[in-house]
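Colleague: Model the structure of this input:
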Amino acid sequence: MNQHTNLLLAAENLQRDADLHRGKNVRGAFALKRPASQTYMVVNELQARVLSEFAKAKTVPQALENCICERKCPALREFYDLILKAHAAGILRSEELCAEGPAPIERPAVRWFASLKPRVTTLLVCFAVIAATGVVFCLRESVLPVLPLDFALGWLAVCGALSLGQVFAAAALRGADCEVHHPHFRWLTPFPHFAVDLADACMAGLLGRATIYAVSLLPLALTAGLALWFRTPWSLFPLAVLFFLCRPVGRSPMGLMLQLLRRNPLLSTDSRPLFEAPMEFSERLRLAWRRFDGGVATVKLLVSTAWAIGLACTVYRVLHLNVVEVFQDWSLWAITYLAVGATLSVISLLWLAGLIYTHASAVLKSAWRRARLTYSRLRPAAAPGIEGIELLIQRHPLLGNLDPGLQMELAACFRPFQAKAWQTLTKFGEPPPFVGLIVSGRVTLYRQLKSGRKARFLRLIESDLFGAHHLYDEPGVGFEIRTGTPLVALTLDQADFQRLVVDRLGPAAVASYLQKHLFLQRSTPICAEWRPATIARFTDLVGTTSHAAGGRIIARGQEVGNLYVLYEGRARAVDRDKRAARIEPGDFFGEISLLQTSAAHADVESHDDSRSLVVNRLEFIRFMARNHSVALQMERLCSKRLGRPLFPLDRLSLKGG
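Modeller: Here you go, the predicted model:
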């Protein structure tokens, strides 16, 4: 994602254009038009409510925060794509541009001389003429043009019919209370003709759109039918162009009419997205299913079959071949059906293979990275030199906050250290002899429970600090430090760590890194994919709270005010069906009710004395709204837990999570 897009989604103040026109509602969708640039967006009611957030200038994070709090947030990928497309269409503009006043109209509408009201009778007449042309086509054969005059007459007839069709379409456009734009003459086509811009048809109702598309074919269908009936030598030209315009796919009038049969009209966010972010396989399938309509696909298949048969009959007649023999030869039809079925199967398999490849390639790349990392840990390299140590310090989320001079002094104090796999570095009750910075390998911290059992507390990897947790944890709590792989580290005396790091950065900053930052980064699935800088900002929002054994952390039916991450101890969630789910350190809970602004549907009870990291609801929503990658990740995690999309909300969402 480029820098301009990141800036637009994070910091730029946007405001909705004041001069927007709203089209007629068609099955829950309608078009928004910006007359100044003659740009359009097809949205639904939920998306329109999102855009209404920008009635006054605000940033995208502020709008997302309000949408979540007011329970009108669409799927987040759709939300971000809507913002980008609305900005590209000029519907959302920067605050500075809106302050300059209304933008000048680039291409004003014209005053059209005629109006054709959309009526069912008009639509039926158009279809009757097209159907009558088909009947005439079945009864009469097209005569091949021989003389140059025949070619010229056919060419002129098509040019005139297309021009008259555009005139009728413009009249129907005005009759549907829409505007006619840009009347012009199209020269750079095989059949030059008069044309108008019919883009405003998306503002009309269902009957109005169907009338606009149908009347544009009416003169050409009449021309082709009369030419076939009188067996004129120039009949092949209008018939061929009529076949082309009646193709059931693409942006042809017939294809557009078939799209009107969709139960859920296509929105602007259903087209190629402007918001580029990695998608999981299930998300790609969901988007593809959103664009698919079984009824329209069936009708298109039937119309395409009839269209293909009609085109084949035309070719056979022009070549003076016997069409009846083709229909009587069932073996030929069997081969045709087999070929069509095989073609559709191949296309479907290729499409599915593309989706699977996209998903599998990401999985394989991730597995390859993990394999390479594991191999590098099993065969560790030598400790870095002074320049490498300084680079590690600069990139470290805690040590990088030191002054450059102190960083150089700290680098000089570090000493290389190596240990074998599964080696205990510090036992319970023993103070660690040094503070270590991991260069290669993995270290695990264990803590001793009140029962005496050893439990894993934290697993640390490259660039993490170990050996200082005992300084800021509860008194009497000891840690066992044990390597999990061959270890290469840089060590620092406890006194030097106190002098160069703690005294300079302050105990609060060091404690926040050791107790919150490291735990969130290494133990919590929420922060597993976050950058260190993002985790550092999130850590500033995190507080701690203690829970007594058997105490209730979240009560069913009550609003959840915080996001919880269990730091120490155990807890369990009990729903209304008395099914219990264990919550271990690192697990988070309360996020679904928090994001959906709903009551909790389960009790969360502490099993024994425990502690949690907590983030206030409004602070967390504000933080998430300012980081679109975090927002998408939270939506994905919550949707997996729910078993259905987190956004948009439905009646089931009122039960919370």
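Colleague: switch to C-alpha atoms for all contacts and neighbour counts from now on
Modeller: OK.
Colleague: what's the helix or strand for the nearest residue to residue 113 once chain neighbours are set aside?
Modeller: Nearest residue to residue 113 in three dimensions, chain neighbours excluded: residue 171, at 7.9 Å (C-alpha to C-alpha, 6 or more residues apart in numbering). Residue 171 is part of helix 148-175, with elements assigned from DSSP states H and E.
Colleague: Next SSE downstream of that helix?
Modeller: Assigned by DSSP H and E, the successor of helix 148-175 is strand 181-186.
Colleague: partners of the helix or strand following that following strand in the sheet?
Modeller: Proceeding N to C from strand 181-186, the next assigned helix or strand is strand 193-197, under DSSP H and E. Its sheet considered, strand 193-197 pairs with strand 181-186 (antiparallel) by DSSP bridges.
Colleague: got the buried residues for the partner strand?
Modeller: Within strand 181-186, the residues that count as buried by 16 or more other C-alpha atoms under 10 Å are 181, 183.
Colleague: Just the pLDDT at the residue nearest to residue 113, thanks.
Modeller: pLDDT for residue 171: 95.
Colleague: how distant is the helix holding residue 171 from the center of its chain?
Modeller: 43 Å (C-alpha atoms, centre = their mean, to the nearest Å).
Colleague: quick one: the strands in the stretch 1-150 of the chain?
Modeller: 14-16, 21-22, 29-34, 39-44, 92-94 (DSSP state E, counting those that start in this stretch).
Colleague: now the ones you listed in CSV, with mean pLDDT, distance to residue 103 and mean neighbour count?
Modeller: Output for these, formatted as CSV (pLDDT from 0 to 100; distance: least, C-alpha to C-alpha, whole Å; neighbours: other C-alpha atoms under 10 Å):
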stretch, mean pLDDT, distance to residue 103, mean neighbour count
strand 14-16, 94, 13, 25
strand 21-22, 94, 15, 14
strand 29-34, 95, 10, 22
strand 39-44, 95, 13, 21
strand 92-94, 92, 11, 21
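Colleague: For residue 504, find the nearest of those strands.
Modeller: strand 14-16 (41.9 Å; C-alpha to C-alpha).
Colleague: Show me the contact partners of that closest one.
Modeller: 51-52, 54-60, 91-95, 98 (C-alpha atoms under 8 Å, 6 or more residues apart in numbering).
Colleague: Name the single longest helix found in this structure.
Modeller: helix 330-378 (DSSP state H).
Colleague: Report all helices and strands that that helix contacts.
Modeller: helix 281-291 (3 or more C-alpha pairs under 8 Å, 6 or more residues apart in numbering; DSSP states H and E).
Colleague: For the helix or strand following the helix it packs on, enumerate the helices and strands it packs against.
Modeller: Sequence order places helix 294-318 as the next helix or strand after helix 281-291, per DSSP H and E. Helix 294-318 sits against helix 253-259, helix 323-328, with contacts defined as 3+ C-alpha pairs under 8 Å, 6+ apart.
Colleague: ok, of these, where does mean pLDDT dip lowest?
Modeller: helix 323-328 (a mean of 60).
Colleague: Helix, strand, or coil at residue 480?
Modeller: strand (DSSP: H, G, I helix; E, B strand; the rest coil).
Colleague: count of residues packed around it?
Modeller: Counted with other C-alpha atoms under 10 Å, residues neighbouring residue 480 total 23.
Colleague: same check, this time on the one 4 residues further on
Modeller: Residue 484 is flanked by 19 other residues according to other C-alpha under 10 Å.
Colleague: Next: the one 5 residues further on.
Modeller: Using other C-alpha under 10 Å, residue 489 has 26 neighbouring residues.
Colleague: same deal with residue 496?
Modeller: That count, for residue 496 with other C-alpha under 10 Å as the rule, works out to 16.
Colleague: On the pLDDT front, check the residue nearest to it when sequence neighbours are not counted for me.
Modeller: Using C-alpha to C-alpha, 6+ apart and skipping the chain neighbours, the partner closest in space to residue 496 is residue 413 (7.7 Å). At residue 413, the pLDDT value in this model is 94.
Colleague: which one in this structure is furthest away from the centre?
Modeller: Within the chain, residue 147 marks the point farthest from the mean C-alpha position, 58.1 Å out by C-alpha atoms, centre = their mean.
Colleague: Pull up the gap between that one and residue 153, please.
Modeller: 10 Å (C-alpha to C-alpha, to the nearest Å).
Colleague: Tell me the bridge partners for residue 418.
Modeller: residue 488.
Colleague: what angle sits between the longest helix of the chain and helix 281-291?
Modeller: 150 degrees (axes from the mean of the first three to the mean of the last three C-alpha atoms, to 10 degrees).
Colleague: Tell me which helix or strand comes right after helix 330-378.
Modeller: Next element after helix 330-378 (DSSP H and E): helix 386-395.
Colleague: Run the chain-centre distance for that following helix.
Modeller: 38 Å.
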